[in-house]
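J.: heads up, no residue letters with this:
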């Protein structure tokens, strides 16, 4: 695969190293002279000096034959326009844009630049997902397939405690697939009784987390 | 007409004051509060006294465009000192707000030409300078 990386900051440089390690052909474009000279000592011919928002610089880097263009400069307008010309002028199949200010995500969407990756946004989502509020842990997220698996600890006095699986008041699109109890796990049957302290794995359509959480965690008996 | 101008540099402020003198409603958006002075100098009285609007903000953020009145704009002129900002902001005006007439200043001739082909009205001062210089230097040989 031939990859053009625009911006030799920490992200661009390390990305280039990884891709070269995996035996891809890489050209990095950097428009700061000093940064270029630093990176050039390691990457040698795989880095070019120039402003990647200028068409002739992209052409010199060989954009016509690029399989992937990654725009990871520190400037959102630059990343947007690099990807826009890569996609619409040079008909590059795949682009990836970095979003520095998550407030600009909407603009990337508006101009059809996808995927647009915002580190701030990613970390924020990780915080929201990983901090186990209500004892909820995301085990698997498949946004494309619209599928998630979460793990919950059943609290004392939860609506689901001491009830059979078939009696649970779960929304359409949710299924209890496993129960972990006393160090072992098993697949529940319709008449399995859920107990406080059980860890349950639930497969669900995205967006149902709150409804499901309400069944397994009582509002005054949070755990985890 | 309601004219919204982003970037109150030499070009933006001149166009703003001419449009105001011609009787249009004019709103100017710039991230530098001091750029306001240029508007006053051009008019000889304060910009607001003359009926102009001025908003401080970054045009890439839609809150600033909203505050400057983009929803009512008939004409949207984007002439900050950055080509990339101008191209992005002009496209926001086209696609998000459907402003009837959007004009962007782009110094890079090749990109000005390509975006013009894509349906964005671009003005390229560099191209104009190239043509005038060639004509002045080489006369009829051009």
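T.: Arrived safely, thanks for sending. Since the model is a prediction, treat every value here as computed from it, not as a measurement. Numbering: from 1, shown residues only, chains lettered A, B, ... in the order given.
J.: which residues does residue B:72 contact?
T.: Neighbouring residues of residue B:72 by C-beta atoms under 8 Å, 6 or more residues apart in numbering or on different chains: residue B:2. (C-beta placed from N, C-alpha, C; glycine too.)
J.: same check, this time on residue A:149
T.: A:138, A:139, A:140, A:177, A:201, A:202, A:203, A:204.
J.: Could you check how many residues crowd around residue B:35?
T.: Close neighbours of residue B:35, defined as other C-beta atoms under 10 Å in any protein chain shown, add up to 18.
J.: Spit out the contact partners of the closest residue to it other than its chain neighbours.
T.: Leaving aside its chain neighbours, residue B:35 sits nearest to residue B:8 (4.0 Å; criterion: C-beta to C-beta, 6 or more residues apart in numbering or on different chains). The neighbours of residue B:8, taking C-beta under 8 Å, 6+ apart as the test, are B:16, B:28, B:30, B:32, B:35, B:36, B:38, B:39, B:54.
J.: run the last query once more with 7 Å
T.: By C-beta atoms under 7 Å, 6 or more residues apart in numbering or on different chains, the contact list for residue B:8 reads B:16, B:28, B:30, B:35, B:38, B:39.
J.: Tell me the pLDDT of residue 60.
T.: I went with chain A, as the question did not name one. Looking at residue A:60, its pLDDT stands at 97.
J.: actually chain B
T.: For residue B:60, the model assigns a pLDDT of 91.
J.: Next, whichever residue of chain A sits closest to chain B: phi, psi?
T.: Nearest residue of chain A to chain B, counting by C-beta to the nearest C-beta: residue A:77, 3.9 Å away. Dihedral pair for residue A:77: phi -60, psi -40, per degrees, to the nearest 10.
J.: Surely it is in contact with residue B:83?
T.: No. Using C-beta atoms under 7 Å, residue A:77 makes no contact with residue B:83, being 8.9 Å away.
J.: Compare those two (neighbour count), which wins?
T.: Just comparing residue A:77 and residue B:83: by other C-beta under 10 Å the higher neighbour count belongs to residue B:83, 23 against 20.
J.: circling back to that earlier point, and which of the contacts of residue A:149 is nearest residue B:106?
T.: The shortest approach to residue B:106 among the contacts of residue A:149 belongs to residue A:138, at 45.0 Å (C-beta to C-beta).
J.: What's the first helix or strand after the helix or strand where that closest one lies?
T.: Assigned by DSSP states H and E, residue A:138 belongs to strand A:136-142. Next in sequence after strand A:136-142, counting helices and strands by DSSP H and E, comes strand A:147-153.
J.: Strand A:136-142 and that following strand, what's the angle between them?
T.: Computed by axes from the mean of the first three to the mean of the last three C-alpha atoms, to 10 degrees, the angle separating strand A:147-153 from strand A:136-142 equals 160 degrees.
J.: buried stuff in the very next helix or strand once past strand A:147-153?
T.: The element immediately downstream of strand A:147-153 (helix or strand, assigned by DSSP H and E) is strand A:174-181. Across strand A:174-181, burial judged by 16 or more other C-beta atoms under 10 Å in any protein chain shown covers A:174, A:176, A:179, A:181.
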